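>>> mind folding the following:
(one chain, ligands or ions: 1)
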Amino acid sequence: MVLTLVPQPASVTEGSGTLVLSPATRIVIVDGADAAASVLSDVLAARTGLRPDVVTDPPSDGDLVLRRTDDDGESYRLEIGARVEITGSDAGLFYGVQTLRQLLRVKDGVWSIARASIVDAPRYAYRGVMLDVARTFFDVATVKAFIDRASSLKFNHLHLHLTDDQGWRLHIDSRPLLTEKAAGTSTLGRPGGFYTKDDFREIVGYAAAHHMVVVPEIDLPGHTHAIGLAYPDVVEAPVMNDMLLAQSESLGQPLPVAGEPYLGWGVGHSSVRIHEDATWEFLRDVLSEVAEIAPGPYLHVGGDECLGTPAADFDAFIERVTALTAELGKTPVAWHEAGSAQVAEGTVGQFWGSSTPTAEHAEHTRRFAERGGRVILSPSTRAYLDMKYTADFPLGLTWAAIIDLESAYSWEPEEIVPGLDAEAILGVEGPLWSETIPSLADIDQLFFPRAAALAEIGWSPASAKDWASFRDRVGGLGAVWDAEGWGGHRPSEIDWSPR
Ligand code: TNX
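Okay, here's the model as predicted:
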């Protein structure tokens, strides 16, 4: 029997037979494993209809025992024998429960779990997914649903792309016109929207309960057309040059008009006014409120695709905005182009070039490491969740690549950026840009199963990498995702029959 686990644990020893769950099954908490007990209880109730008693009695056979250790790692041990025993920190227990969740099976109305012994720990500290809530606004319930899915695959960072040309999605008390005037629309005229601060806190809290850290992004200095609907003195008039005109034409996208919402998905034509004091007052107001409301260590300041901005202005901006972010007590994160500048010490770079990068992309990415920072790898030809699976797939874009499941799985982080030390790799992230995805069902289509491939790259030891094994395990997981009520694409090259 295949254990349908993704990501593949560091060590798995299969046992023989199964442990059967019944109405008599109890959850036993040891040393304060209460949070994990409520996660396990919810998982079991949703999947099996069983709602075991949660007790602190001495464990006996048939019990599901959660033993909490007092450390802040993400590792766990999971023993499934005469009873289930999971040992780990709060995060470790959470991941042990996610592993157990993938092993639940029902036959003739009886629920059981295959016996096994698992010792597990992640390869990378940063395992991220990004949701673009600017091109399409997704409400709090949809973001929570996204967190459910991502955390089940042991992703631990949720990067929210909160602002772009098409809309501003987070209320800022000191700059109220941003959400009053610049949040009303999404790409192609889809409904807009924004998060109040309470909404945002709710997302942060839900993410934390699922062991995910929210990484808020305010994309600067480009991708800022929407700001001009609210604070026109802060932005430049839309930049137009031959390259941008050709781009709009080849994408079939409209040109932006100052002061009007932008409903297309062209990029690169907007910029804040880099040398104006008013801009820096605006940025200090915005970034300090974002830093205050997002408790995680990171604040992403964008830096991508400033196609109309002179290089010297761009570099000056990046230097100053990363310094400001550091001054606000956060570790700045920026897309790799920002590596052309003297970023603040410790700034994290997010690489989005191809899996065989240009010399310039590689050089810019190495710059973060040279300045004491680390790198998140999001090679757009492999890790982008918004690319099509096949040329005729109804959702997604193709500018980086067409990414089938094998391509999404078959890359090695240490082999992407030449000359980047392995220790400089903080982890991996799969961005899900939302130009083509109006709904949660569409998110699921692009997310499952490719996010599972990325999850394994970020979590499992490099030595466990094996396409044939992954294909087998992920195929078996399809039925589990169905049972969870999660949708998704089921590429025909995979055998999705339940096992
Ligand atoms: C490029 S990759 C972008 C986004 C688009 C995406 C669509 C990057 C840092 N920027 O502005 O949404 O392509 O795939």
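>>> can we go C-alpha only for contacts and neighbour counts from here?
Noted.
>>> any residues of this structure in contact with the ligand? List them.
Residues of the chain lying near the ligand by C-alpha under 6 Å from any ligand atom: 304, 352, 433.
>>> apply 5 Å and report the result again.
Residues of the chain that fall close to the ligand, judged by C-alpha under 5 Å from any ligand atom: 304, 433.
>>> endpoints of stretch 475-493, how far apart?
Taking C-alpha to C-alpha, to the nearest Å, stretch 475-493 runs 10 Å from one end to the other.
>>> contacts for it?
4-5, 46-47, 102, 149, 405, 441-449, 494-499 (C-alpha atoms under 8 Å, 6 or more residues apart in numbering).
>>> so which of the residues you listed belong to helices?
46-47, 102, 149, 405, 441-447 (DSSP state H).
>>> quick one, which of these are buried?
Neighbour counting with 16 or more other C-alpha atoms under 10 Å marks 47, 102, 149, 405, 442-447 as buried within the ones in helices among the contacts of stretch 475-493.
>>> and the residue nearest the centre of the chain, bridged to which residues?
Compute the mean C-alpha point of the chain, and by C-alpha atoms, centre = their mean the closest residue is residue 129, 1.2 Å away. Judged by DSSP bridges, the bridge partners of residue 129 are residue 158, residue 430.
>>> residues in contact with the residue of the stretch 151-300 of the chain found nearest the ligand?
Residue nearest to the ligand within the stretch 151-300 of the chain: residue 267 (6.2 Å; C-alpha to the nearest ligand atom). Residue 267 sits next to 223, 305, 307 when contact means C-alpha under 8 Å, 6+ apart.
>>> distance to residue 235 and pLDDT for these - can I get that in TSV?
Output for the contacts of residue 267, formatted as TSV (distance: C-alpha to C-alpha, whole Å; pLDDT from 0 to 100):
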residue	distance to residue 235	pLDDT
223	11	97
305	16	94
307	15	89
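>>> pick the one among these closest to residue 122.
residue 305 (32.3 Å; C-alpha to C-alpha).
>>> would you confirm that that closest one contacts residue 222?
Yes. Assessed by C-alpha atoms under 8 Å, residue 305 is found in contact with residue 222 at 6.9 Å.
>>> now do the shared contacts for these two.
In contact with both residue 305 and residue 222: residue 268, using C-alpha under 8 Å, 6+ apart.
>>> from what I can see the residue nearest to the centre of the chain touches residue 157, true?
Yes. Here residue 129 reaches residue 157: they are 6.5 Å apart, a contact under C-alpha under 8 Å.
>>> how many neighbours does residue 482 have?
11 (other C-alpha atoms under 10 Å).
>>> quick check, it in a strand?
No. Using DSSP: H, G, I helix; E, B strand; the rest coil, the assignment for residue 482 is helix, not a strand.
>>> how far away is it from residue 362?
From residue 482 to residue 362 the distance is 40 Å (C-alpha to C-alpha).
>>> next one: residue 409
Counting by C-alpha to C-alpha - residue 409 and residue 362 are separated by 22 Å.
>>> what about the helices in this structure?
Listed in chain order, the helices of the chain (DSSP H) span 34-48, 90-103, 140-152, 177-181, 197-209, 227-230, 242-251, 277-293, 311-327, 359-370, 405-409, 440-447, 450-459, 467-484.
>>> between the ones you listed, which gets the lowest average pLDDT?
Comparing mean pLDDT across the helices of the chain, the weakest is helix 242-251, with a mean of 87.
>>> list the contacts for the closest residue to the ligand within the stretch 351-499 of the chain?
The nearest approach of the stretch 351-499 of the chain to the ligand comes at residue 433, 4.9 Å away (C-alpha to the nearest ligand atom). Residue 433 makes contacts with 130-132, 135, 385-386, as judged by C-alpha under 8 Å, 6+ apart.
>>> quick one: pLDDT of it?
Looking at residue 433, its pLDDT reads 98.
>>> then residue 68?
98.
>>> that one and residue 120, how far apart?
Distance from residue 68 to residue 120, by C-alpha to C-alpha: 15 Å.
>>> and for residue 65?
Taken as C-alpha to C-alpha, the span from residue 65 to residue 120 is 17 Å.
>>> neighbour count winner among those two?
Neighbour comparison, residue 65 and residue 120: the larger count goes to residue 65, with 27 against 24 (by other C-alpha under 10 Å).
>>> pretty sure the more buried one contacts residue 31?
No. Using C-alpha under 8 Å, residue 65 makes no contact with residue 31, being 10.9 Å away.
>>> show me the contacts for the nearest residue to residue 364 once chain neighbours are set aside.
Nearest non-adjacent residue to residue 364, counting by C-alpha to C-alpha, 6 or more residues apart in numbering: residue 339, 4.2 Å away. Each residue near residue 339 by C-alpha under 8 Å, 6+ apart is listed here: 349, 363-368.
>>> repeat that for residue 41.
27, 51-52.
>>> switch to 10 Å and redo it
Residue 41 is in contact with 26-27, 35, 49-54, 97, counting by C-alpha atoms under 10 Å, 6 or more residues apart in numbering.
>>> now swap in residue 129 and tell me
Residues near residue 129 by C-alpha under 10 Å, 6+ apart: 146-147, 150-151, 155-160, 212, 215, 378, 383-385, 428-432, 447, 451, 454-455.
>>> rerun at 8 Å
By C-alpha under 8 Å, 6+ apart, residue 129 lies in contact with 150, 155, 157-159, 429-432.
>>> turn those residues into a markdown table, columns for neighbour count.
Below are the contacts of residue 129 laid out as a markdown table (neighbours: other C-alpha atoms under 10 Å):
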| residue | neighbour count |
| --- | --- |
| 150 | 24 |
| 155 | 30 |
| 157 | 25 |
| 158 | 27 |
| 159 | 24 |
| 429 | 29 |
| 430 | 29 |
| 431 | 26 |
| 432 | 25 |
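>>> and which of those is nearest residue 261?
Nearest to residue 261, judged by C-alpha to C-alpha, of the contacts of residue 129 is residue 432 at 22.3 Å.
>>> measure that closest one to residue 84 for me?
Separation of residue 432 from residue 84 (C-alpha to C-alpha): 36 Å.
>>> again, but for residue 10
Applying C-alpha to C-alpha to residue 10 and residue 84 gives a distance of 19 Å.
>>> cool, and residue 73?
Computed with C-alpha to C-alpha, the distance linking residue 73 and residue 84 is 21 Å.
>>> which one of the two has more residues nearby?
residue 84 (24 against 15).
>>> contact partners for the closest residue to that one other than its chain neighbours?
Nearest residue to residue 84, sequence neighbours excluded (C-alpha to C-alpha, 6+ apart): residue 64, at 4.6 Å. Residue 64 makes contact with 25-28, 83-86 under the criterion C-alpha under 8 Å, 6+ apart.
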